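S.K.: Here you go, sequence then predicted model.
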Amino acid sequence: MAAQKTIHENWLGFFAETTVCTAPADWAASGTWIEHLTCDTSGIKQVLTTDPVAARRAFNQGTRKAIKGLRNCTMAVTLPLHGTGVTTADVTQVAQTYLGTLLTHCMGNVHRSTRHAVAGGDAVDVELAAVTGIIPGCWLAFLDTTSPTDANEGKLHPRRVLEVDGVGMVVTLSEALPFTPAAGDIAHPCIAPYLDSSVLVDAFNGPKTLMWYVRKSKTGTDLLWQVEGSVATMKLDGLGRGALPSLGLEIMACNFKHGTEDGLTNPAPTTFVGNAQLSMGLDVLLNIGEYGDDTLVTHDLVNVSFDPGFTRTRVETVTERTNRAEGTGTYSFAPGDTKISITLTPYDNAWYTGLETGKEYRISLYQPGDGSGAGKGWCLHLARAQLISTPARVDANENHAVTLEFKAMEAEDCVGGSNEDLERTRFTLCLF
């Protein structure tokens, strides 16, 4: 009889497959082992089909041994949402992180900008010491180090770049900064994943699939799973007041292995990556301005929910051209509506006017950090969005508030760029 095991011991690692459904030679060395909040393995199971052979006895019908079917499976993982965890050196491109890798996996592609010193300019047109690694559509997070107010001390403000002047070393931002930049301030780099249909349409091309390893006990080999040939659909949770923001991954896979029966052994990783979240309500900012107008407009946020608006899909086959990719030719995606629901206080009839006159908006919800500098921040950004329902009056404790339903659109405001997918992405969730 197996020994009892506690539910409070958990390891989780992933590996970017070089060949679909082929594991690394050494999980401890080659896997990326991550801190996580939850990992639900209940969907890791094989299809078993009742043998349909007609029986000679009525109560023998359907009692033959079940026929083993496809081992396509699912797994759900929740991760803490946080910044890069590091301060990037001057004139250096920000390094990819495990969280940036997973967001890139979900969205298709990524741009990682380069840190530069600020030389001057104003709140919209910022002069940098250089513009290497900066392109239209990318992101920079600005830190006031020369004369910060108490509100800006040690906090970064991420902004989307619309245009880059390579002669004057000036970047034009889609939204004004809350301070006037001066020589000595810093433009920190950002990891900015973006939607790329050419990548999402065929996950086996590359490949762009991940393998996962789950270990749920310090000893023994019963509680081991290897999830093979997978892609993930993302979601955001924990955005309420006092909550801890999280990234949810709904994973679908081609195959799996489980325990000693399938030849798994206990890996012994020594390096784990991850950082703690910062609580919602502390330092978090919400800016909603008109699309095409760089005026900074901040709001008091009561509640928010976000739907990325696309899911990964399996391209089903009867054949198994790729070993262990049972019934799967590749993975593609199904586009839908990217939506954000925001409740603001106070109630303002200007939103109804905006709907009636067809105004479009840009939306930035971001964590600038806790005042200790770079590495803590993230930003959910919709560069262009429209209201899709009549603004609704709701209660905010004892006061009136308004709930706004927005749908993301593709932006068309960048100038002189060459990366159309980055410039037009419906949304990004950048890290800095």
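M.R.: That came through fine. Numbers count the residues shown, from 1 in each chain.
S.K.: quick one: what helix or strand has the most centrally placed residue in the chain in it?
M.R.: Centroid-nearest residue in the chain, with Cα atoms, centre = their mean: residue 103, separated by 3.9 Å. Per DSSP states H and E: residue 103 is located in helix 98-107.
S.K.: I'd like the mean pLDDT over that helix, please.
M.R.: Averaging the model's pLDDT scores along helix 98-107 yields 98.
S.K.: just the angle between the helix or strand just after it and helix 98-107, please?
M.R.: Proceeding N to C from helix 98-107, the next assigned helix or strand is strand 108-112, under DSSP H and E. Between strand 108-112 and helix 98-107, the angle comes out at 140 degrees (axes from the mean of the first three to the mean of the last three Cα atoms, to 10 degrees).
S.K.: Pull up the pairing partners for strand 108-112, direction included.
M.R.: Sheet pairing of strand 108-112 (DSSP bridges) gives strand 191-195 (antiparallel).
S.K.: how far out from the middle of the chain is the partner strand?
M.R.: The gap between where strand 191-195 is centred and where its chain is centred comes out at 8 Å by Cα atoms, centre = their mean, to the nearest Å.
S.K.: can you tell me the average pLDDT over that strand?
M.R.: Averaged across strand 191-195, pLDDT comes to 98.
S.K.: quick revisit: give me the contacts around the helix holding residue 103.
M.R.: The contact list for helix 98-107 (Cβ atoms under 8 Å, 6 or more residues apart in numbering) reads 14, 16, 32, 34, 79, 81-82, 84, 96, 110, 112, 191, 193-196, 200, 208, 210, 231-234, 247, 249, 273-274, 425, 428-429, 431. All C-beta atoms are positioned from the backbone trio N, CA, C, and that covers glycine.
S.K.: hmm, try it at 6 Å
M.R.: 32, 34, 110, 191, 193, 195, 232, 234, 273, 429, 431 (Cβ atoms under 6 Å, 6 or more residues apart in numbering).
S.K.: isn't the fifth one right next to residue 108, touching?
M.R.: No: between residue 193 and residue 108 there is no contact under Cβ atoms under 6 Å: 7.8 Å.
S.K.: Tell me which of these two has more neighbours.
M.R.: residue 193 (27 against 22; other Cβ atoms under 10 Å).
S.K.: who's that one bridged to?
M.R.: residue 110.
S.K.: so who does it touch?
M.R.: Counted by Cβ under 6 Å, 6+ apart, residue 193 has contacts 103, 104, 107, 110.
S.K.: Closest one of those to residue 165?
M.R.: Distance to residue 165 across the contacts of residue 193 (Cβ to Cβ) is lowest for residue 110, with 24.4 Å.
S.K.: Residue 21 touches residue 320, doesn't it?
M.R.: No: if you go by Cβ under 6 Å, residue 21 and residue 320 don't touch, sitting 10.0 Å apart.
S.K.: Looking at these two, which has the bigger crowd around it?
M.R.: Using other Cβ under 10 Å as the criterion, residue 21 and residue 320 rank with residue 21 on top: 23 against 15.
S.K.: The more buried one - that's part of a helix, no?
M.R.: No: counting by DSSP: H, G, I helix; E, B strand; the rest coil, residue 21 is located in no helix; its state is coil.
S.K.: And it, how far from residue 415?
M.R.: The gap separating residue 21 from residue 415 is 44 Å, by Cβ to Cβ, to the nearest Å.
S.K.: so what's residue 45 closest to, chain neighbours aside?
M.R.: Of all residues beyond its chain neighbours, the one nearest residue 45 is residue 73 (6.1 Å), with distances taken as Cβ to Cβ, 6 or more residues apart in numbering.
S.K.: beta partners of the closest residue to residue 129 other than its chain neighbours?
M.R.: Sequence neighbours aside, residue 117 is the residue nearest to residue 129 in space, at 4.3 Å (criterion: Cβ to Cβ, 6+ apart). Residue 117 has these beta-bridge partners by DSSP bridges: residue 186.
S.K.: all helices of the stretch 51-200 of the chain, in order?
M.R.: With DSSP state H, counting those that start in this stretch, the ranges of helices along the stretch 51-200 of the chain come out as 98-107, 197-200.
S.K.: Can you tell me how far residue 24 is from residue 219?
M.R.: Residue 24 sits 23 Å away from residue 219, going by Cβ to Cβ.
S.K.: quick one: which of these two has more around it?
M.R.: residue 24 (17 against 10).
S.K.: which residue packs closest to the more buried one, ignoring adjacent ones?
M.R.: Excluding its sequence neighbours, the residue lying closest to residue 24 (Cβ to Cβ, 6+ apart) is residue 30, at 3.6 Å.
S.K.: Can you get me a residue count around the one you found?
M.R.: Counted with other Cβ under 10 Å, residue 30 comes out at 15.
S.K.: What does the pLDDT read for it?
M.R.: As predicted, residue 30 sits at a pLDDT of 97.
S.K.: Residue 430 too?
M.R.: With respect to pLDDT, residue 430 scores 98.
S.K.: Which helix or strand contains it?
M.R.: strand 428-431.
S.K.: How about residues contacting that strand?
M.R.: 83-84, 100, 103, 139, 190-192, 194, 378-381.
S.K.: ok, which stretches of the stretch 151-300 of the chain are strands?
M.R.: Listed in chain order, the strands of the stretch 151-300 of the chain (DSSP state E, counting those that start in this stretch) span 156-165, 170-173, 186-189, 191-195, 210-215, 224-237, 246-258, 285-290, 300-307.
S.K.: if I read this right, the residue nearest to residue 129 contacts residue 130, doesn't it?
M.R.: No: the pair residue 117 / residue 130 is not scored as a contact, 8.4 Å apart, by Cβ under 6 Å.
S.K.: that older thread, identify the residues contacting the residue nearest to residue 45.
M.R.: 43, 44, 253, 256.
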